[in-house]
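Participant: Task: produce atomic coordinates for the following.
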Amino acid sequence: LYAQLSKEIQVTDSEIQDYYHRNEKELKKTYIDLDYLKIALPAEESELKEKLNKLSSQLQQGKDLNLIAQEFAQPINKTGLCAQDEPLPILPEVKRLTQVLSQLKEGQLSQIVYAEDAAYIFLLREKKESYLPLLSEIKDKIKEKIIQTKTKELAQTKINAALNAIKGGLDFARAAKEAGLIFKSTPYFGIKDKVEDMPEAGLLFNYAFKLDKDKVSDLVTTPEGLYIVRLKDRQPIDEEKFAKEKEEFTKTLMLLEREYVFNTLFQKLKAQANLKDNTQNLKIQP
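Facilitator: Residues are numbered from 1 along each chain as shown. Just a heads-up that it's a prediction; the model follows:
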């Protein structure tokens, strides 16, 4: 929803200037400027291992980013000025990246950072502490923040209108269409199943599970967007399959527990008897 609505948002230069002056205190912080190398990783295991070994070797030899880029035939990219305490725009999902980058000194290369199907190496070009950037340096980033705020406000307005219409008796699909929202139906899915174009399927499952058939949820707020959920149908548990899997799981659990108890008891007795493992010294005669 957010991605769809953000395309409708317009931001003026005066709005950007106003945001900058109203938030000077918050904008004054530590900023970093980075070069980085992105290296695509192959899916095939042997190729993957070879490429990672080669990359690690380059770092261990102390080669600079330009030489590594030439070795892998990849361009060096630039982040521009970024707040150190905020997720890096190119890798917002890598939570530990902020900590990795905060430990770098100017001119220093980072360790290898992995994300999905690529490996990254960062070079800290410059660090500015307690710095208030010029408006021109962070204009695009301020614009993006304003777009995000306006998008959330617009989404809230539209989805509340749709929810009120649905509760007033309007058809679910029609209410979504009139509000300019996306309407989708899913196949049957469980809490751990992946659903196409629905990264938060497990979270939405929890809301839908509490509903009666054909009933509609209240507004559901998630990191990815806003949702209204209706339960179309509920597929009962396959009792026979469940009973079989439960029996197999119980047997496995009992074996693991028995093994743990035996090993614990053996180690205790071994310590009490001061036994030593001499199997390496045994000799056999063929």
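Participant: So which elements touch the lengthiest strand in the chain?
Facilitator: For the chain, the longest strand by residue count, based on DSSP state E, is strand 118-131. If you count contacts as 3 or more CB pairs under 8 Å, 6 or more residues apart in numbering; DSSP states H and E, strand 118-131 packs onto strand 29-40, helix 45-60, helix 65-72, helix 97-102, strand 113-115. Backbone N, C-alpha and C define where each C-beta goes, glycine included.
Participant: tell me the mean pLDDT over the following helix or strand past it?
Facilitator: Moving toward the C-terminus from strand 118-131, the next helix or strand (DSSP states H and E) is helix 135-167. The predicted model gives helix 135-167 an average pLDDT of 91.
Participant: same deal with stretch 14-23?
Facilitator: On average, stretch 14-23 scores 96.
Participant: what does that stretch contact?
Facilitator: 27, 135, 138-139, 142-143, 145-146 (CB atoms under 8 Å, 6 or more residues apart in numbering).
Participant: Weed out the non-buried ones from those residues.
Facilitator: 27, 138, 142-143, 146 (16 or more other CB atoms under 10 Å).
Participant: Among those residues, which one lies nearest to Thr79?
Facilitator: Ile138 (12.3 Å; CB to CB).
Participant: do you know how far that closest one is from Gln17?
Facilitator: 12 Å (CB to CB, to the nearest Å).
Participant: rewinding a little: for the buried ones among the contacts of stretch 14-23, give me CSV that also has distance to Ala208.
Facilitator: Shown next, in CSV, are the buried ones among the contacts of stretch 14-23 (distance: CB to CB, whole Å):
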residue, distance to Ala208
Leu27, 41
Ile138, 41
Ile142, 38
Lys143, 37
Ile146, 34
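Participant: coming back round to it: tell me the angle the longest strand of the chain makes with strand 29-40.
Facilitator: Counting by axes from the mean of the first three to the mean of the last three CA atoms, to 10 degrees, strand 118-131 lies at 170 degrees to strand 29-40.
Participant: Outside of strand 118-131 itself, which residues are in contact with it?
Facilitator: Counting by CB under 8 Å, 6+ apart, 28-41, 52, 55, 59, 65, 68, 81, 84, 91, 100-101, 104-110, 112-114 sit against strand 118-131.
Participant: again with stretch 168-187
Facilitator: 1, 4, 158-159, 161-163, 165-166, 195, 197-198, 201, 216, 228, 230, 232.
Participant: Mind checking which of the residues you listed are buried?
Facilitator: 1, 158-159, 162-163, 165-166, 198, 201, 228.
Participant: now for the residues you listed, which pair is the farthest apart?
Facilitator: Across those (CB to CB), the longest gap, 25.2 Å, separates Ala165 and Ala201.
Participant: Report the beta-bridge partner residues of Val220.
Facilitator: Following DSSP bridges, Val220 is listed with bridge partners Tyr227.
Participant: show me the residues around the residue lying closest to Glu93 once chain neighbours are set aside that make contact.
Facilitator: In space, and not counting its chain neighbours, Glu93 is closest to Ala115: 6.9 Å by CB to CB, 6 or more residues apart in numbering. Shown in contact with Ala115 (CB under 8 Å, 6+ apart): 91, 93-94.
Participant: swap in Tyr227?
Facilitator: Applying CB under 8 Å, 6+ apart, the residues contacting Tyr227 are 1, 159, 204, 207, 217, 219-220.
Participant: Show the backbone phi and psi for the closest residue to Lys167 other than its chain neighbours.
Facilitator: In space, and not counting its chain neighbours, Lys167 is closest to Val216: 7.2 Å by CB to CB, 6+ apart. Here is the backbone geometry of Val216 (degrees, to the nearest 10): phi -110, psi 140.
Participant: separation between the nearest residue to Asp117 once chain neighbours are set aside and Leu154?
Facilitator: For Asp117, ignoring the flanking residues on the chain, the nearest one in space by CB to CB, 6+ apart is Leu41 at 5.3 Å. Leu41 sits 38 Å away from Leu154, going by CB to CB.
Participant: Ok, Arg125 next?
Facilitator: Relative to Leu154, and taking CB to CB, Arg125 is found at 37 Å.
Participant: From the neighbour counts alone, determine which of those two ranks first.
Facilitator: Per other CB atoms under 10 Å, whichever of Arg125 and Leu154 has more neighbours is Leu154, with 17 against 14.
Participant: Just confirm that one contacts Ile9, I think it does.
Facilitator: Yes - Leu154 lies in contact with Ile9 (CB atoms under 8 Å); the separation is 7.2 Å.
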